[in-house]
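Undergrad: Any chance you can model this:
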Amino acid sequence: MPDSRKPRRTRWVSPLLRRVLLVNFVPLALLLAALLYLDQYQDGLLEAEVAALREQARIYAGALGESAVRVTDPNNPVLVTDLARRLLGRLTEPTPDAEAQIFAPDGALIADSRVREGPGGAVQAEPLLPSIERGPVMRFVGRLYDRVLALLPHTGNTQVETGPETAEELRLNSSDRSHLAPPIIRRTEDGRLLVTVVEPIVRGELMGHDGSSTVGELRLTRDAREVEDSLFAVRTSILGLFFLALVLTVLLSWYLSLTIARPILLLADVAHDMREGRGRTGTVPKTLLRRGDEIGELGQALSASATALWARMDAIERFAADVAHEIKNPLSSIRSAIDTLHRITDPRQQQRLLAIIQEDVVRLDRLITDISDASRVDAELSRTQTEPVDVVPIIAALAEIADATRQDGDAHIDIDIPDQKLVVQAVEGRLVQVLRNLIGNAQSFSPREGRIHLRARETGGTVELAVEDEGPGIPDGNLEHVFDRFYSERPAGEKFGKHSGLGLSISRQIVEALRGRISAENRRDAAGRVLGARFVVRLPRA
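TA: So this is what the prediction gives:
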């Protein structure tokens, strides 16, 4: 029962399209991850921020050391608190994004630039800077970046730490490290990135090698908003390019699907129609046949295969019809003879009818044998590998066998073969069968004590084998028809049933399967008289 399943003609997302999208998207995603992994770029920005902030802190600490330190005892300088507060306010006033704090050597807070005196002496604290309200896109980019970065190994100079007072704390292993505490880079819970450096407050002329002249520490903190903005700009550009490349990837993948996957599905539908018997030739769309790529070659191969398949099926049907017709004739003769045999009593007529039955049985046996051989030729040659075969010893052996089995009146065989090898790519057993058929055909048409010539020679890239006889020749209109199945023009006086008419047809079948050609022609003299027939076989040289 034929399979009724049929491939779908429309698949908007075919498996091939999914594979193309996956193959194109994976490198793009890896590139995006590599570009979003901006540790080195971030480290460079932060190092520059730390260097600038440290320089600013040194200036502040130097000013405080020169203006806010009272020296009553060279061994015990004192930092004047009120003076330090006022000076610190004046120093930090031009930089509202910075916070400066002064600590005593014992760690007590002396001054804070965020704490200012209001009207009436009231003390009020000002925030360092309000947090920036970022838009949904910026928040999405930030969250996406943080998630991606958390999955990647960190190889730069930045390490992630967490503390009780911050959502995230980053300590920079900078090459610009002093004998004091290293700079601290931390991110607050509201998303701000803060950079803090610490510088000692000393009086220049009192500074000793043991650091005893240090009267306090200046801790300067600044919002690294410029670093954040630079990183955000880079990430936004990368994501924009990524989504643009992603759109182009999807479009190109869709184009590949339209030009590869859908034509293959169309060819699959064509093959299914052919299997169901709904298409012979011309089923493959012409648009596919005109393509100059591999799909076009596949379409042409499928169309050629369909043409060859239907030609083979037509040939099988004709062969079956010819076989039925040829078998029907001797069977009708046998049936007629048997029916007549029951009605006559004359012994001589009975013997004659029995002889007719015997001849028809012999003819049927010969016919069935040759039909079986003809039906096996194609299948056998399709499974058998050809090999180099030297035709010179084969012709010589066939001539010796014919001479050894020759009877009085049979034709003599002459050979004309070169001394060197003539090697063709063939199946030796089937090539011998072709030559035996041609020699047997020549013997049946040769006159008494006639001569048959076997010739072999090389012509270009082929080897030419010829079998010539001295018989009556072939009618000019039948030079091609002699290779038809059951061709029945036989010499006068030949015993009935000796030949089935399939010998030359089988010979052509074998030669064409070996990628060669076989033809028939008449030998003529200078006056144009027919001297006999010549059969020529041309096979490619190995």
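Undergrad: mind checking pLDDT for residue 35?
TA: At residue 35 the predicted local distance difference test score is 62.
Undergrad: scratch that, residue 6 is what I was asking about
TA: Residue-level confidence at residue 6 comes out at 46, pLDDT.
Undergrad: The one 5 residues further on too?
TA: In this model, residue 11 is scored at 48, pLDDT.
Undergrad: For the stretch 51-200 of the chain, which segments count as strands?
TA: Taking DSSP state E, counting those that start in this stretch to define them, one finds strands in the stretch 51-200 of the chain at 69-70, 78-79, 98-103, 109-112, 115-117, 123-125, 158-161, 168-172, 184-187, 193-202.
Undergrad: Quick check: can you name the pairing partners of the longest one and their directions?
TA: Listed by DSSP bridges, the sheet partners of strand 193-202 and their directions read strand 184-187 (antiparallel), strand 214-223 (antiparallel).
Undergrad: burial count for residue 226?
TA: 14 (other Cβ atoms under 10 Å). To be clear about C-beta, it is placed using only N, CA and C from the backbone, and glycine gets the same treatment.
Undergrad: Name the next helix or strand following the helix or strand it falls within along the chain.
TA: Here residue 226 is covered by helix 225-256, with elements defined by DSSP states H and E. Read in the C-terminal direction, the helix or strand following helix 225-256 is helix 262-275, with elements assigned using DSSP H and E.
Undergrad: next one: that following helix to chain centre, how far?
TA: On the basis of Cα atoms, centre = their mean, to the nearest Å, the separation between the geometric centre of helix 262-275 and that of its chain is 20 Å.
Undergrad: which strands and helices sit next to it?
TA: Secondary structure elements in contact with helix 262-275, counted by 3 or more Cβ pairs under 8 Å, 6 or more residues apart in numbering; DSSP states H and E, are helix 286-289, helix 294-341.
Undergrad: nearest to residue 221, of these?
TA: Residue 221 lies closest, by Cβ to Cβ, to one member of these: helix 294-341, at 66.3 Å.
Undergrad: Could you list the low-pLDDT ranges of the stretch 101-250 of the chain?
TA: Counting by pLDDT under 70, the low-confidence segments of the stretch 101-250 of the chain come to 116-181, 190-191, 204-212.
Undergrad: Can you give me the buried ones in the helix holding residue 226?
TA: In terms of neighbour count (16 or more other Cβ atoms under 10 Å), helix 225-256 has its buried residues at 227-228, 231-232, 234-235, 238-239, 242, 246, 249, 253-254.
Undergrad: And stretch 456-476, by the same measure?
TA: Taking 16+ other Cβ under 10 Å as the neighbour-count basis, stretch 456-476 is seen to contain the buried residues 456, 462-471, 473-474.
Undergrad: Then stretch 506-524?
TA: Taking 16+ other Cβ under 10 Å as the neighbour-count basis, stretch 506-524 is seen to contain the buried residues 506-511, 513-514, 516, 518, 520, 522-523.
Undergrad: out of those, which are inside strands?
TA: Per DSSP state E, strands hold the following members of those: 518, 520, 522-523.
Undergrad: Residue 294: which of the residues you listed is nearest?
TA: Lowest distance from residue 294 to those (Cβ to Cβ) belongs to residue 518, with 35.9 Å.
Undergrad: Skip the chain neighbours and tell me the closest residue to that closest one.
TA: If you skip the residues right next to it in sequence, residue 518 has residue 511 as its closest partner in space, 4.4 Å away by Cβ to Cβ, 6 or more residues apart in numbering.
Undergrad: ok so, going back, turn the strands paired with strand 193-202 into a markdown table, columns for distance to residue 425.
TA: Putting these into a markdown table (distance: least, Cβ to Cβ, whole Å) gives the following:
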| stretch | distance to residue 425 |
| --- | --- |
| strand 184-187 | 80 |
| strand 214-223 | 86 |
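Undergrad: Go over the secondary structure and confirm residue 457 is in a strand.
TA: Yes: remark: residue 457 belongs to a strand, assigned using DSSP: H, G, I helix; E, B strand; the rest coil.
Undergrad: any idea whether the residue nearest to it when sequence neighbours are not counted is helix, strand or coil?
TA: Sequence neighbours aside, residue 464 is the residue nearest to residue 457 in space, at 5.5 Å (criterion: Cβ to Cβ, 6+ apart). Counting by three-state DSSP, the backbone at residue 464 sits in strand.
Undergrad: Surely residue 464 touches residue 456?
TA: Yes: contact status for residue 464 versus residue 456: in contact at 7.1 Å, counting by Cβ atoms under 8 Å.
Undergrad: Which residue is the nearest non-sequential neighbour of the residue of the chain positioned farthest from its centre?
TA: Distance to the chain centre peaks in the chain at residue 72, reaching 88.2 Å (criterion: Cα atoms, centre = their mean). The shortest distance from residue 72 to any non-neighbouring residue, by Cβ to Cβ, 6+ apart, is to residue 78 (6.9 Å).
Undergrad: Would you agree the one you found is in contact with residue 68?
TA: No: Residue 78 lies out of contact with residue 68 (Cβ under 8 Å); the separation is 9.8 Å.
Undergrad: out of the two, which sits in the busier spot?
TA: For the pair residue 78 and residue 68, the greater number of neighbours falls to residue 68 (25 against 13), based on other Cβ under 10 Å.
Undergrad: Check what pLDDT that one gets.
TA: 84.
Undergrad: Not including adjacent chain positions, what is the nearest residue to residue 436?
TA: Ranked by Cβ to Cβ, 6+ apart and with sequence neighbours excluded, the top spatial neighbour of residue 436 is residue 398, at 6.8 Å.
Undergrad: how about the host helix or strand of that neighbour: buried residues?
TA: With the criterion set as DSSP H and E, the secondary-structure element containing residue 398 is helix 391-404. By neighbour count on 16+ other Cβ under 10 Å, the buried set for helix 391-404 is 391-392, 394-395, 398-399, 402.
Undergrad: Restricting to C-alpha, output it in CSV.
TA: Output of helix 391-404 as CSV, limited to C-alpha atoms (Å, rounded to 0.1, in the frame of the first residue of the first chain):
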residue,chain,number,x,y,z
VAL,A,391,40.7,-8.0,-25.2
VAL,A,392,43.7,-9.5,-27.2
PRO,A,393,43.8,-12.8,-25.4
ILE,A,394,40.0,-13.1,-25.4
ILE,A,395,39.8,-12.8,-29.2
ALA,A,396,42.6,-15.2,-29.6
ALA,A,397,40.9,-17.7,-27.3
LEU,A,398,37.5,-17.4,-29.0
ALA,A,399,39.2,-18.0,-32.4
GLU,A,400,40.9,-21.2,-31.1
ILE,A,401,37.6,-22.5,-29.6
ALA,A,402,35.8,-21.9,-32.9
ASP,A,403,38.5,-23.6,-34.9
ALA,A,404,38.5,-26.6,-32.4
